[in-house]
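> Kindly generate the corresponding structure for this input.
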Amino acid sequence: MASSLTCAGVIWAFLSFLCAAASCVGFFMPYWLLGSQLEKSVSFGTFRRCSYPVRDESRQMTVMVEQCGRYASFQAIPSAEWRICTVVTGLGCGLLLLVALTALMGCCVSELISRTVGRVAGGIQFLGGKCSCSSSRGG
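Take a look at the predicted model:
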């Protein structure tokens, strides 16, 4: 197995993949905010929610739906800020995963990653990380 990466590059590739995987899992999990509503435990993130209130028109009251799921549409995400956060975090995760998978391919294929490509990939990874971090802090 020929590699175009140094020992530090191989470590970077594996750590990049682990970080990208953790970011993607965090993006898809609804546990960003935890709390309670109507005496039920609730949680939600930018992309999914668990245990949420719905208006039951037949009984004329609000009931809790105790299940997890995606928002029905992009417009169903509660606010414009959360929609922006969803897009920015998704793009950041995509960039991180793209760079990590390219770096892992560099572990197996010689002459795939040059010094310049490594620097550009690191810059893209930094940008992806900044997108993910700034959106998770609320802007």
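
> contacts, neighbours, all on C-alpha from now
Will do.

> any idea how far Gly106 is from Pro78?
Separation of Gly106 from Pro78 (C-alpha to C-alpha, to the nearest Å) stands at 41 Å.

> Tell me which of these two has more neighbours.
Taking neighbours as other C-alpha atoms under 10 Å, Gly106 and Pro78 compare with Gly106 leading, 22 against 11.

> pretty sure Gly35 contacts Cys50?
No - counting by C-alpha atoms under 8 Å, Gly35 stays clear of Cys50, with 10.6 Å between them.

> Between the two, which contacts overlap?
Shared contacts of Gly35 and Cys50 (C-alpha atoms under 8 Å, 6 or more residues apart in numbering): Val42, Ser43.

> the more surrounded of the two?
Neighbours were counted for Gly35 and for Cys50 using other C-alpha under 10 Å; Cys50 has more, 21 against 11.

> Pull the contacting residues for the more buried one.
Going by C-alpha under 8 Å, 6+ apart, Cys50 touches Pro30, Val42, Ser43, Phe44, Glu66, Gln67, Cys68, Gly69.

> what are the bridge partners for the last one, then?
It refers to Gly69. Beta bridges link Gly69 to Arg49 when assigned by DSSP bridges.

> Counting neighbours, what do you get for it?
Neighbours of Gly69 under the rule other C-alpha under 10 Å: 15.

> you'd agree it is up against Gly45?
No - using C-alpha under 8 Å, Gly69 makes no contact with Gly45, being 10.7 Å away.

> Not counting its neighbours along the chain, what's nearest Phe14?
Leu104 (6.9 Å; C-alpha to C-alpha, 6 or more residues apart in numbering).

> Okay then, goodbye and thanks.
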